[in-house]
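S.K.: the sequence and its predicted three-dimensional model are supplied below.
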Amino acid sequence: MKTIGLVTWYLGANYGSVLQAYALRQALLREGYDVYYPRFFEWPFTPRNIKVNFFTRFGIRRKKLLQDCPYPQQKEKFLSLFRDEFPSKLPVTCLQNRIMCRGTDLFMAGSDQIWNCYDHFRSFEFLGFAGKKRRVSYASSIGTGDIPEQYREKVKDYLGKFSYIGVREKNAEKVLKEITGRDDIRTVLDPTFLLTPEEWDSFAGKTSFVPPVNGDYIFCYFLRKPTDYTETIRKVMELTGIGQAILLPSNYFPSDIPQGVTLVDNAGPREFIKALRGASYVLTDSFHGTALSINFSKQFANLKRFDDSDPASQNSRLSDLAERFGTGDRFFNGELPEPIDYNMVSSRLSALRQESLDFLKAETR
């Protein structure tokens with residue numbers, strides 16, 4: 001059985017990051033691979049980095065995992081999923097890294113914004129530690145509209161060692177083709193699309209959670225503080241005629257909840273899926289909130305987290321989804337976006353899902 005080391009983001013109370021990491025591993029498991037997650041470690045192995053890696057691996061560090069999460073039930077559900085579904089390895093020394101690489105057939109840079117060089121630049125996410133092992137990527141995202149000039153040569157060097165490069169947004173394909181000179185970079189679907197709604201139902205079916213409202217509700221999930229959107233939430237409730245909404249806290253962990261909205265602070269990733277699936281409408285500024293809404297054939301509206309003139313703006317990710325699936329502009333501008341014809345969207349999703357799965361199979365052969 002071939003073993004794959006999947007590098008991606010997941011160790012945080014961010015529903016989207018965890019769900020995409022879970023989905024990509026599940027898609028690879030279906031193909032018969034053994035999959036684990038190399039956890040972030042400092043590399044190269046200087047004395048300082050060995051010390052940091054040791055403290056991280058054995059939990060001897062100032063900041064504990066999910067330490068900033070103020071909701072105990074939410075935190076425990078994330079940690080429980082990490083224990084059950086996310087086998088990992090974290091080498092402390094050069095020798096341990098060589099042993100990990102020796103037991104791995106290929107390393108994959110997975111999805112989410114692991115290549116967002118406006119947020120950070122780390123060789124780990126570009127698989128710099130992988131030695132002579134084969135390297136591929138699936139749906140890796142740069143998150144923004146470009147790569148900062150100071151990192152372009154390094155990105156070119158790292159990506160030159162990849163056998164296959166799959167990115168999540170068309171803009172990333174264009175930018176990385178320009179930087180690397182490669183014409184074989186492909187845009188593929190976010191991993192959450194690789195699982196069907198029925199497979200997500202099976203995932204969510206392992207919780208007895210029930211949303212704490214009766215009847216129709218709007219599902220709200222924001223990566224910006226929800227009070228910034230208070231008036232918009234009220235307006236959407238008025239326009240949809242849906243008199244109640246629930247809000248799942250993001251990594252901002254808001255305590256200032258808009259009036260008329262019920263905070264659901266005991267939801268892990270399984271509960272997130274169940275709550276979204278049961279919603280009559282979705283309001284979100286999140287990429288994965290949007291992607292899952294499309295996968296589940298939900299009517300939804302987007303809110304902008306960033307000013308479009310900001311070089312680090314991530315709004316283009318939502319526009320890319322709208323263009324790819326033909327949902328029309330979903331940004332709320334005082335009126336609800338036009339209803340989505342999901343007969344057309346579902347047909348397009350089915351074709352794109354198959355293309356993405358074919359790419360995944362080809363790069364892991």
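M.R.: Nice, I can see it. In this text the structure is predicted, and so the values were computed from the model without any measurement.
S.K.: and Ala291, which of the three is it?
M.R.: Put simply, Ala291 is helix when judged by DSSP: H, G, I helix; E, B strand; the rest coil.
S.K.: and it, how many neighbours does it have?
M.R.: By the criterion of other CB atoms under 10 Å, Ala291 has 24 neighbours. Every C-beta, even on glycine, is put in place using the N, C-alpha and C of the backbone.
S.K.: kindly report the same for Gly166.
M.R.: 26.
S.K.: gap between it and Pro191?
M.R.: Distance, Gly166 to Pro191, using CB to CB, to the nearest Å: 10 Å.
S.K.: list the residues that contact both of these two?
M.R.: Residues touching both Gly166 and Pro191 (CB atoms under 8 Å, 6 or more residues apart in numbering) are 138-139.
S.K.: chain center to the longest helix along the chain, what's the gap?
M.R.: Taking DSSP state H as the criterion, the chain has its longest helix at helix 342-364. Here the centre of helix 342-364 is set off from its chain's centre by 18 Å, with CA atoms, centre = their mean, to the nearest Å.
S.K.: same thing with stretch 107-120?
M.R.: Its chain's C-alpha centre and that of stretch 107-120 lie 10 Å apart, by CA atoms, centre = their mean.
S.K.: what does stretch 52-63 give?
M.R.: Put simply, stretch 52-63 sits 25 Å off its chain's centre (CA atoms, centre = their mean).
S.K.: list the contacts of that stretch.
M.R.: For stretch 52-63, contacts defined as CB under 8 Å, 6+ apart pick out 39-42, 45, 65, 90-93.
S.K.: most surrounded residue in the residues you listed?
M.R.: Tallying neighbours with other CB under 10 Å puts Phe41 at the head of the contacts of stretch 52-63, with 23 neighbours.
S.K.: okay, now the closest residue to that residue other than its chain neighbours: neighbour count?
M.R.: The shortest distance from Phe41 to any non-neighbouring residue, by CB to CB, 6 or more residues apart in numbering, is to Asn53 (4.8 Å). The local packing of Asn53 (other CB under 10 Å) involves 22 other residues.
S.K.: that older thread, confidence-wise, which of the contacts of stretch 52-63 comes last?
M.R.: In terms of pLDDT, Leu65 ranks lowest among those, with 83.
S.K.: give me the domain ranges for the chain.
M.R.: Following automatic domain parsing, the chain resolves into domains at 3-196+351-364, 197-347.
S.K.: quick check: mean pLDDT of the last one?
M.R.: Mean per-residue pLDDT for domain 197-347: 91.
S.K.: now do the strands in this protein.
M.R.: Using DSSP state E, the strands assigned to the chain run over residues 3-7, 34-38, 88-89, 106-109, 134-140, 162-167, 186-187, 218-221, 245-247, 261-263, 281-284, 300-302.
S.K.: send the alpha carbons of the longest one over as PDB?
M.R.: C-alpha atoms of strand 134-140 as PDB (Å, rounded to 0.1, in the frame of the first residue of the first chain):
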ATOM      1  CA  ARG A 134       8.200  12.800  -5.100                       C
ATOM      2  CA  ARG A 135       6.100  16.000  -4.400                       C
ATOM      3  CA  VAL A 136       2.700  16.900  -5.700                       C
ATOM      4  CA  SER A 137       0.000  19.400  -4.700                       C
ATOM      5  CA  TYR A 138      -3.800  19.300  -4.700                       C
ATOM      6  CA  ALA A 139      -5.900  22.500  -4.600                       C
ATOM      7  CA  SER A 140      -3.200  24.500  -2.900                       C
END
